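Trainee: 3D, please:
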Amino acid sequence: MASKKGVRITITIECTDCRTNNDQRTPGVSRYSTTKNRRNTTARLELKKFCPHCNKHTVHKEIK
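Mentor: Sure thing, here's the model as predicted:
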């Protein structure tokens, strides 16, 4: 059987502050996985999520 490729894809979003700041609470980068509709949202996704490494809500951007 051929698998039907859907419109929704799974993406990974990563904390922007952890990537650039070395003076955070703990080492590492916060990552979340979510889905998006590739037809309606063609641009890269940006969400405000809680980062346990920075211990605050920061902007998380979509990575490849």
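Trainee: touching stretch 44-59 from outside, list them.
Mentor: 11, 13, 15-18, 21, 24-30, 32, 34, 36, 60-62 (CB atoms under 8 Å, 6 or more residues apart in numbering). For every residue, glycine as well, the C-beta is placed using N, CA and C.
Trainee: quick one, strands of the protein?
Mentor: Using DSSP state E, the strands of the chain run over 8-15, 31-37, 46-51, 56-63.
Trainee: can you put those in a markdown table and add mean neighbour count and mean pLDDT?
Mentor: A markdown table is the format used below for those (neighbours: other CB atoms under 10 Å; pLDDT from 0 to 100):
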| stretch | mean neighbour count | mean pLDDT |
| --- | --- | --- |
| strand 8-15 | 15 | 93 |
| strand 31-37 | 13 | 94 |
| strand 46-51 | 14 | 94 |
| strand 56-63 | 14 | 93 |
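Trainee: what residues are up against the most centrally placed residue in the chain?
Mentor: In the chain, the centroid-proximal residue (CA atoms, centre = their mean) is I13; its distance is 0.8 Å. Counting by CB under 8 Å, 6+ apart, I13 touches R31, Y32, S33, T34, L45, E46, L47, K49, H60, K61, E62, I63.
Trainee: name the residues linked to it by a beta bridge.
Mentor: Going by DSSP bridges, I13 is paired in beta bridges with Y32, E62.
Trainee: before we move on, what about K36?
Mentor: Applying DSSP bridges, one finds that K36 bridges with I9.
Trainee: so how far is S30 from it?
Mentor: Distance of K36 to S30, given as CB to CB, to the nearest Å: 18 Å.
Trainee: got it, and C54?
Mentor: Distance from C54 to S30, by CB to CB: 7 Å.
Trainee: shared neighbours of these two, anything?
Mentor: Common contacts of C54 and S30, defined by CB under 8 Å, 6+ apart, comprise C15, C18.
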